[in-house]
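Participant: let's see this in three dimensions:
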Amino acid sequence: MRYYQIDCIKVFAVFSVVAVHFLLNSGFYDIQIDSWLACLYTLLRLTFITAVPLFIMTTGYLMGEKKLSSEYVARLFKILIVYVVVSLIDWLGQIIFLNHIMSFKDALYGLLDFSTNSYSWYVEMYIGLYLIIPILNAAWHNLSEPQYHNYIVSVAVILLFLPSLFNSGGKIISDWWTGAYPVGYYYIGLYLKTYPEKYQKLSTRFVWLSSAMTFLVLSALTLLANYHKIFAWTNENDYMGYQPMIMAILIFVLLLRLPFKKKTVGNYRLLTKISSMTLTIYLFSDLSDSIIYNQFKILVPDVQHRLLFGPLVVTLSFLIATILAIIVAYIIKKFSRSSRRV
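Facilitator: Next comes the predicted model:
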């Protein structure tokens, strides 16, 4: 069964990756938040930082029934092939367009420590998550009672996300497990798949109003913490933070409620195409970002002025990464067909 809502979430997430990297590459984190534009980008970050949590939640939503098998393990190699191919193209592009010096030997070693592509830390994380998914699923399906699943998700939230809320003024509760936040997001996605009635029975007006109110509260907290200061990247607004967790759940539920008509499936081909290439687009955005920001910083030296061009720069980088992903996906598909014939 195809979940077009999940396709929307994945496309939103991969665009959010490129968008949130604008803040990193434009110099936003080096300026004081004292203009209306800087405040706007501070609030946009609150939304776009959910990219990685959303990706992991979609994994939990889609792979909650997976069990260990040879086919399951083989699928990991397909992901690794995409990672290797894109990373080597990235390495070559960095040499051609940016004159970066990295030998082929160093590039190969970089594949092992995930440094050839500077955005590939996600692949390093995902490999480990992928390997333990059958174990996570076995634990989830050990019992079918809602109380048991509520316990799993509650423990994950308490151990992985709540420390960022209670420890903001000093350590009050243990934060030892917060680095395992991918497991928490995985189980949240699986929970939403298992109990759709929890959010589907809510009225659309209630969902939107509660989401808007929550966003306003988190926005106020973010602005109060950073106004007239250089943006502080803290546990509260990092991936293990309660703020990205809450925002990711809100966005996930809102997009899950989107209506799709089965009779117009053909209209969603572009959506499903991009959705199937999100990892490739994500990895290629390292190259597109490197090329664009190398020139962008020269053409627009003032950071405040750079913020004006954010939508244009993000869109351009996303389009370049998407085009490269389409080309590579076509080549890999052709090569796979040729290999089968042989």
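
Participant: in the helix or strand of the chain with the lowest mean pLDDT, which residues are buried?
Facilitator: None of the helices or strands of the chain scores lower by mean pLDDT, DSSP states H and E than helix 310-341, at a mean of 88. Judged by neighbour count (16 or more other CB atoms under 10 Å), helix 310-341 contains these buried residues: 310, 313-314, 316-318, 320-322, 324-326, 328-329. Glycine gets a C-beta too; all of them are placed from N, C-alpha and C.

Participant: how about these in TSV, adding distance to Arg45?
Facilitator: TSV is the format used below for the buried residues of helix 310-341 (distance: CB to CB, whole Å):
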residue	distance to Arg45
Gly310	11
Val313	15
Val314	13
Leu316	20
Ser317	17
Phe318	17
Ile320	22
Ala321	20
Thr322	22
Leu324	26
Ala325	25
Ile326	28
Val328	29
Ala329	30
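
Participant: so which elements touch the least confident helix or strand of the chain?
Facilitator: Contacts defined by 3 or more CB pairs under 8 Å, 6 or more residues apart in numbering; DSSP states H and E place helix 310-341 against helix 4-26, helix 70-98, helix 278-299.

Participant: wait, which of those is closest to Glu236?
Facilitator: helix 4-26 (16.0 Å; CB to CB).

Participant: what's the angle between the helix or strand containing Asp106 and helix 70-98?
Facilitator: Using DSSP states H and E, Asp106 sits within helix 104-113. Helix 104-113 runs at 140 degrees relative to helix 70-98, counting by axes from the mean of the first three to the mean of the last three CA atoms, to 10 degrees.

Participant: what's the following helix or strand after helix 104-113?
Facilitator: helix 121-140.

Participant: give me the next element, helix or strand, following that next one.
Facilitator: helix 146-160.

Participant: and that next one, which residues are buried?
Facilitator: His149, Ile152, Val153, Ala156, Leu159, Leu160.

Participant: against which helices or strands is that helix packed?
Facilitator: Looks like helix 146-160 contacts helix 121-140, helix 181-194 (3+ CB pairs under 8 Å, 6+ apart).

Participant: of all these, which one is nearest Tyr29?
Facilitator: For Tyr29, the closest of the helices and strands packed on helix 146-160 is helix 121-140, at 17.6 Å, according to CB to CB.

Participant: between the closest one and helix 181-194, how big is the angle?
Facilitator: Helix 121-140 and helix 181-194 meet at an angle of 50 degrees, taking the same axes, to 10 degrees as the criterion.

Participant: and helix 121-140 with helix 4-26, angle?
Facilitator: Using the same axes, to 10 degrees: helix 121-140 against helix 4-26 is 140 degrees.

Participant: how near is the spatially closest residue to Tyr227 that is not a sequence neighbour to Phe104?
Facilitator: Nearest residue to Tyr227, sequence neighbours excluded (CB to CB, 6 or more residues apart in numbering): Ile33, at 5.6 Å. Ile33 sits 43 Å away from Phe104, going by CB to CB, to the nearest Å.

Participant: Tyr72 now?
Facilitator: The gap separating Tyr72 from Phe104 is 33 Å, by CB to CB.

Participant: then Lys198?
Facilitator: From Lys198 to Phe104 the distance is 52 Å (CB to CB).

Participant: contact partners for Tyr3?
Facilitator: Tyr3 is in contact with Tyr61, Leu62, counting by CB atoms under 8 Å, 6 or more residues apart in numbering.

Participant: quick check: which ranges of the chain have low pLDDT?
Facilitator: Residue ranges of the chain with pLDDT under 70: 262-266, 337-342.

Participant: go with 80
Facilitator: 1, 261-267, 335-342 (pLDDT under 80).

Participant: give the buried residues for the helix holding Asp106.
Facilitator: Ala107, Gly110, Leu111.

Participant: quick check, nearest of those residues to Tyr61?
Facilitator: The closest of the buried residues of helix 104-113, once distances to Tyr61 are taken by CB to CB, is Leu111, at 29.5 Å.

Participant: who's in contact with that closest one?
Facilitator: Tyr83, Val84, Ser87, Leu88.

Participant: one more pass at 10 Å, please.
Facilitator: Applying CB atoms under 10 Å, 6 or more residues apart in numbering, we find Leu111 in contact with Leu80, Tyr83, Val84, Ser87, Leu88, Trp91, Asn117, Ser120, Val123.
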